[in-house]
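> Sequence below, structure please.
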Amino acid sequence: MSIIGEYIRKVEQRLSELDADSLSRVEESATLDFEELVAAQQAQSALFASGRIPQEVAQWVYQIAGGEIPSPAAFAEQPLAVRVTFMQLFQELLEMKINLHGAAGRQAVA
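Numbering: from 1, shown residues only. Predicted structure coming up:
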């Protein structure tokens, strides 16, 4: 099984342990707008180009975000575990991108 597939399975397990109210709150919060989906694609592109993430992860982010035309509606149709996984990965990608740019800036100053 793929890295992403294993992570989704773990998220599914955690979601199955939630009560109805908690699950409803997760469902309501598991949305992204167009700008956020574009930002996820930009982060994955920069990190893949720099060799920081594997192709499997980069392709998955691109696909789930909507491909050439990021779509909040299409994202919302994904299973909840996929959306939660994407959002957690998106956060990690942004942190990695910040660190990547921070390291490049420090090297330029040095």
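> What mean pLDDT does the helix or strand where Asn99 lies get?
Element membership for Asn99, per DSSP states H and E: helix 80-109. Averaged across helix 80-109, pLDDT comes to 80.
> repeat for stretch 20-40
For stretch 20-40, the mean pLDDT works out to 96.
> which stretches of the chain form helices?
3-16, 20-29, 34-49, 55-65, 72-76, 80-109 (DSSP state H).
> Using CSV, please lay out these together with mean neighbour count.
From N, CA and C alone the C-beta is placed, and that goes for glycine too. Formatted as CSV, the helices of the chain follow (neighbours: other CB atoms under 10 Å):
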stretch, mean neighbour count
helix 3-16, 14
helix 20-29, 11
helix 34-49, 18
helix 55-65, 17
helix 72-76, 15
helix 80-109, 15
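> which residues sit against stretch 46-54?
Ile3, Gln44, Gln55, Val57, Ala58, Leu93, Met96, Lys97, Leu100 (CB atoms under 8 Å, 6 or more residues apart in numbering).
> For the nearest residue to the third one once chain neighbours are set aside, give its distance to Arg14.
Taking CB to CB, 6 or more residues apart in numbering as the measure, Gln55 lies nearest to Phe48, with 6.8 Å between them; neighbours along the chain are not counted. For Phe48, the distance to Arg14 under the criterion CB to CB, to the nearest Å works out to 27 Å.
> same question, Glu35
28 Å.
> Could you do Asp33 as well?
Applying CB to CB to Asp33 and Arg14 gives a distance of 25 Å.
> what does Ile4 give?
16 Å.
> Then Gly67?
Distance from Gly67 to Arg14, by CB to CB: 28 Å.
> Let's see the pLDDT reported for the closest residue to Ala58 other than its chain neighbours.
Excluding its sequence neighbours, the residue lying closest to Ala58 (CB to CB, 6+ apart) is Phe48, at 3.8 Å. Turning to Phe48, the model gives it a pLDDT of 94.
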